[in-house]
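Asker: whatever this is, show me its structure:
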Amino acid sequence: MVKISFFPLAAAPTLGEVAQWTGATLGEGADPGRIVHDVAALDEAGPDDLSFFDNPRYLDDFKATRAGAVFVAPRYAAQAPAGAARLITPQAYRAMAQVMARLYPQAARPRSVFGETGVSPAAFVHSAARLESGVVVDPGAVIGPGAEIGAGSVIGPNAVIGPQVRIGRDSVIGALTTVSCALIGDRVIIHPGAHIGQDGFGFAMGPRGHLKVPQIGRVIIQDDVEIGAGSTIDRGANRDTIIGEGTKIDNLVQIGHNVVIGRHCILVSQSGVSGSTVIGDFAALGGQAGLTGHLKIGAGAQIAAQAGVMTDVPAGERWSGAPARPLRAFFREVAALRKIADAPDTGGSNKP
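Answerer: Numbering: from 1, shown residues only. Next up, the predicted model:
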């Protein structure tokens with residue numbers, strides 16, 4: 001099969017340049033003038049490729065790799081195969097990301113699907129909307145009255161930007177995304193099919209039926225946030241839903257009304273945050289983790305995949321399980337249950 005690359009290679013640096021970009025140290029015998037032609041995974045890399053190793057699960061692949069150069073932590077550097085130049089760094093994965101951003105700059109930020117500049121004649125832009133210079137609007141996109149979009153931003157095909165929405169500079173709104181009642185900062189990326197600012201799920205329940213509570217708040221998304229495909233963020237009921245600077249949200253994540261998420265948090269796919277919960281800076285939620293409403297998750301807390309969190313989590317703690325509890329307590333309980341399950345059955349027979 002012919003290899004098709006969707007992103008052009010922007011540079012072919014030397015190992016010396018790679019070391020300079022990342023702060024890595026060239027291992028003994030490495031030629032700083034050797035050219036890197038591409039990047040690849042350990043098990044697929046060839047002599048002209050750069051790879052990285054940072055997970056012990058792939059130690060066998062590391063020892064057998066044909067890569068011409070490898071980012072590697074100091075503790076594993078001696079196990080590199082003879083043909084691989086070592087770029088020694090405590091953060092191999094991060095160093096690889098830095099290099100890939102330079103080699104493939106177009107992959108770091110989604111582009112217009114049609115590669116156009118300016119506003120497509122097939123887009124629908126209200127006369128009262130204001131677009132700064134350099135905004136790209138793809139075919140089928142709708143931009144409502146009073147919306148403002150900053151320079152360098154891209155609005156994808158069939159995206160809908162509601163009335164009075166503000167979008168900062170150099171942001172990207174993916175195809176089929178809807179944005180309403182929202183203020184969005186600079187360099188924000190919202191991937192296709194996400195929905196921002198729709199009604200929060202608010203009802204006053206009663207024996208004769210449930211009364212809808214008007215949702216009059218907003219969504220505020222600060223600078224450098226990334227939101228994955230198909231994710232939904234509800235606007236606030238009587239206050240704002242806020243996503244803090246630098247936070248990264250995976251695909252298919254649900255964030256309820258009035259939620260406040262701090263700076264540089266990570267929310268992995270299919271996690272969900274119920275209304276009015278507050279999450280501190282640098283916290284992380286694993287895949288399918290669920291948080292009930294009105295909780296406080298402390299800064300730097302880590303919630304394991306599929307955890308069900310029903311109480312506040314102190315800053316810096318790691319919790320797991322359903323209901324979630326501190327990680328050590330969870331593993332103690334798992335070990336105790338396993339011991340019971342593995343014990344020989346000494347009870348009497350239930351047969352008549």
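
Asker: show me where the stretch 201-350 of the chain has helices.
Answerer: 327-342 (DSSP state H, counting those that start in this stretch).

Asker: show me where pLDDT drops low in it?
Answerer: 347-350 (pLDDT under 70).

Asker: care to break this protein down by domain?
Answerer: According to automatic domain parsing, the chain comprises the domains 15-107, 177-278+288-296.

Asker: pick the most deeply packed of those domains.
Answerer: Ranked by mean neighbour count, the domains of the chain are led by domain 177-278+288-296 with a mean of 20 (mean count of other Cβ atoms under 10 Å). In short, each C-beta sits where N, CA and C put it, glycine included.

Asker: what about that domain, distance to the chain center?
Answerer: Counting by Cα atoms, centre = their mean, to the nearest Å, domain 177-278+288-296 is centred 15 Å from the centre of its parent chain.

Asker: dump the residue contacts of the closest residue to residue 8 other than its chain neighbours.
Answerer: Excluding the flanking residues, the one nearest residue 8 by Cβ to Cβ, 6 or more residues apart in numbering is residue 106, at 6.8 Å. By Cβ atoms under 8 Å, 6 or more residues apart in numbering, residue 106 lies in contact with 7, 8, 10.

Asker: okay, the second one: pLDDT?
Answerer: It stands for residue 8. The per-residue pLDDT reported for residue 8 equals 90.

Asker: and it, what element?
Answerer: For residue 8, there is no enclosing helix or strand under DSSP states H and E.

Asker: what's the spacing between it and residue 279?
Answerer: Look at residue 8 and residue 279: by Cβ to Cβ, to the nearest Å, they are 38 Å apart.

Asker: cool, and residue 256?
Answerer: 12 Å.

Asker: okay, and the common contacts of these two?
Answerer: Joint contacts of residue 256 and residue 279 (Cβ under 8 Å, 6+ apart) are residue 273.

Asker: can you give me phi and psi for residue 184?
Answerer: phi -120, psi 130 (degrees, to the nearest 10).

Asker: that one bridge partners, please.
Answerer: Taking DSSP bridges as the rule, residue 184 bridges to residue 167, residue 221.

Asker: ok, residue 33 touching residue 18?
Answerer: No: with contacts counted by Cβ atoms under 8 Å, residue 33 stays clear of residue 18, the gap being 11.5 Å.

Asker: on that earlier part again, the domains of the chain: which one's closest to residue 326?
Answerer: Between residue 326 and those, the shortest separation by Cβ to Cβ is 14.9 Å, and it involves domain 177-278+288-296.

Asker: give me the number of residues near the closest residue to residue 105 other than its chain neighbours?
Answerer: Among residues not flanking residue 105 along the chain, residue 10 sits closest, at 5.6 Å (Cβ to Cβ, 6+ apart). Residue 10 has 13 neighbouring residues, counting by other Cβ atoms under 10 Å.

Asker: show me what contacts residue 10?
Answerer: Counted by Cβ under 8 Å, 6+ apart, residue 10 has contacts 102, 103, 104, 105, 106.

Asker: for residue 173, see how far away it is.
Answerer: Distance from residue 10 to residue 173, by Cβ to Cβ: 25 Å.

Asker: returning to what we had before: out of the contacts of residue 106, who's nearest residue 262?
Answerer: Of those, the one sitting nearest to residue 262 (Cβ to Cβ) turns out to be residue 7, at 32.2 Å.

Asker: so that closest one is in contact with residue 108, correct?
Answerer: No: using Cβ under 8 Å, residue 7 is not in contact with residue 108, being 9.4 Å away.

Asker: tell me how far residue 158 lies from residue 192.
Answerer: Distance from residue 158 to residue 192, by Cβ to Cβ: 9 Å.

Asker: what touches both of those two?
Answerer: What both residue 158 and residue 192 touch, as defined by Cβ under 8 Å, 6+ apart, is the set 175, 176.

Asker: how many other residues sit next to the closest residue to residue 125 other than its chain neighbours?
Answerer: Counting by Cβ to Cβ, 6+ apart, residue 143 is the residue found nearest to residue 125 once chain neighbours are left out, at 4.6 Å. Neighbour count of residue 143, defined by other Cβ under 10 Å: 29.

Asker: quick check: beta-bridge partners of residue 143?
Answerer: residue 125, residue 161.

Asker: okay, it: pLDDT?
Answerer: Model confidence at residue 143 (pLDDT) stands at 99.

Asker: for it, what are its contacts?
Answerer: 123, 124, 125, 126, 129, 131, 137, 149, 155, 161.

Asker: in those, find the pair that's most separated.
Answerer: It's 124 and 149 that sit farthest apart of the contacts of residue 143, by Cβ to Cβ, at 13.9 Å.

Asker: thanks a lot, see you next time.
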